[in-house]
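In: From the sequence below, what's the structure:
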Amino acid sequence: MSGVPVTWSSERARGWLRVPGPRDDKYRRGVLGMRTGSARYPGAAVLGVTAAWRTGVGLLRYAPPREERLPPHGLPSPAAAVLAARPETVIGAGTDGCAAWVIGSGTDPAERGEAERAALVELLGSGSPIVVDAGALDLVAPGAERGADAARDGSLGAGGALRGPAIVTPHAGEFARMWDTTFGSPLPEAWPGRDAPAAEPGSAREAEAETARAEAALRLAARIGATVLLKGSRTLLASPGGTLLACGPATPWLATAGTGDVLAGILGALLAAHADAVREDPELLAPIGATAALLHDAAARRASGCPEDGSAAEGTTAGRPVTALDVAEAIPHACAALAGTAETDPAARAAGKP
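Out: Residues are numbered from 1 along each chain as shown. I've put the predicted structure just below:
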């Protein structure tokens, strides 16, 4: 496995934005299922659903989580919050007809009941392409004591089977927990710790840290049999087959609560649009994930007023504060700017594959 990633560019990403044609309908544009949010975090469901709609999904079905507690502080249920914010959304527990799924955003495994766990495991074993985020990541990482067997037979820590293409979206802390659960060993020595001083841009220390991130992402992807989207200022995509892509550095204004939920929604919409191709070749999850990360950053730059060419990504104060909802609402403009004169035929999209 090589630890040197291919930088994902706007030119490469452009072909993965599916521009609708006169023969398209809502089903052809992609049907996405989302099982996200919780009694404690209903807003996460709203952010992800909003982002998916803004990315151009044709139809979105929201499956409310099975919870054993009432929302605190008089908060609305996730389903009520989603319907109030996005009335286009179809609410219901049924899973039929969805080309792809997003699970886990805005959930806490410590508060997850057995009924909800069983429902998530069923989705993981359904064969549908799936984005696994936040509170569902623990269901994908096998226990260290059985990691080798899990790598061979595809079994999950949840006891189910990952039968379809999957992409996991951990931030650094979640990645560290997945690593510990899967391997039972420390991360590479050069791994950038959360409390460590930031390395100088372009320094040898920064290069060592990026190499450690890349090699760890590739190793985890190979072990769990799923593409890894390792979030950060520089986002990495690592596939089980050894594809390694990088995006960024992203605008620092993205470092705010809820933007991960927005990224999951963007990724889900793109996955639903390309679900058939991904079923045929799960390695396509890497360029699709990289395109989602690039679009996420482009929307944040537009919302914050940062230069869209990336010139103010590090070491400057250009731009202005934004919220996650600001980023979600800027996605259509970012899509239009990124799509440009995008080709829409499959051969042109395939040309973006590294």
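In: How about the contacts made by the residue positioned nearest the centre of the chain?
Out: Against the mean C-alpha coordinate of the chain, by Cα atoms, centre = their mean, the closest residue is residue 264 at 4.0 Å. Contacts for residue 264 (Cβ atoms under 8 Å, 6 or more residues apart in numbering) come out as 36, 48, 51, 102, 104-105, 131, 133-134, 169. Where C-beta positions appear, they are placed from N, C-alpha and C, glycine not excepted.
In: ok, now with 7 Å
Out: The neighbours of residue 264, taking Cβ atoms under 7 Å, 6 or more residues apart in numbering as the test, are 48, 102, 105, 131, 133, 169.
In: any idea which element it lies in?
Out: helix 259-273 (DSSP states H and E).
In: After that helix, which helix or strand is next? Please name it.
Out: helix 275-280.
In: For that next one, buried residues please.
Out: If you call a residue buried by 16 or more other Cβ atoms under 10 Å, then helix 275-280 has these buried ones: 275, 277-279.
In: now swap in stretch 123-143 and tell me
Out: Buried residues in stretch 123-143 (16+ other Cβ under 10 Å): 123-126, 128-142.
In: For that stretch, give the mean pLDDT please.
Out: Taken as a whole, stretch 123-143 carries a mean pLDDT of 93.
In: Now do the helices in the chain.
Out: 10-14, 42-55, 78-85, 114-124, 147-153, 172-183, 204-224, 259-273, 275-280, 285-304, 324-329, 331-339, 346-350 (DSSP state H).
In: Please export the C-alpha coordinates of the fourth one as PDB.
Out: Read it as helix 114-124. What follows is helix 114-124 as a C-alpha-only set of coordinates in PDB (Å, rounded to 0.1, in the frame of the first residue of the first chain):
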ATOM      1  CA  GLU A 114     -31.600  -3.200  21.200                       C
ATOM      2  CA  ALA A 115     -34.400  -2.500  18.700                       C
ATOM      3  CA  GLU A 116     -32.500   0.300  17.100                       C
ATOM      4  CA  ARG A 117     -29.300  -1.700  17.000                       C
ATOM      5  CA  ALA A 118     -31.100  -4.500  15.300                       C
ATOM      6  CA  ALA A 119     -32.600  -2.100  12.700                       C
ATOM      7  CA  LEU A 120     -29.100  -0.700  11.900                       C
ATOM      8  CA  VAL A 121     -27.600  -4.100  11.700                       C
ATOM      9  CA  GLU A 122     -30.300  -5.100   9.200                       C
ATOM     10  CA  LEU A 123     -29.500  -2.100   7.000                       C
ATOM     11  CA  LEU A 124     -25.800  -3.000   7.200                       C
END
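In: Okay, now the unreliable bits of the stretch 251-354 of the chain?
Out: 309-317, 341-354 (pLDDT under 70).
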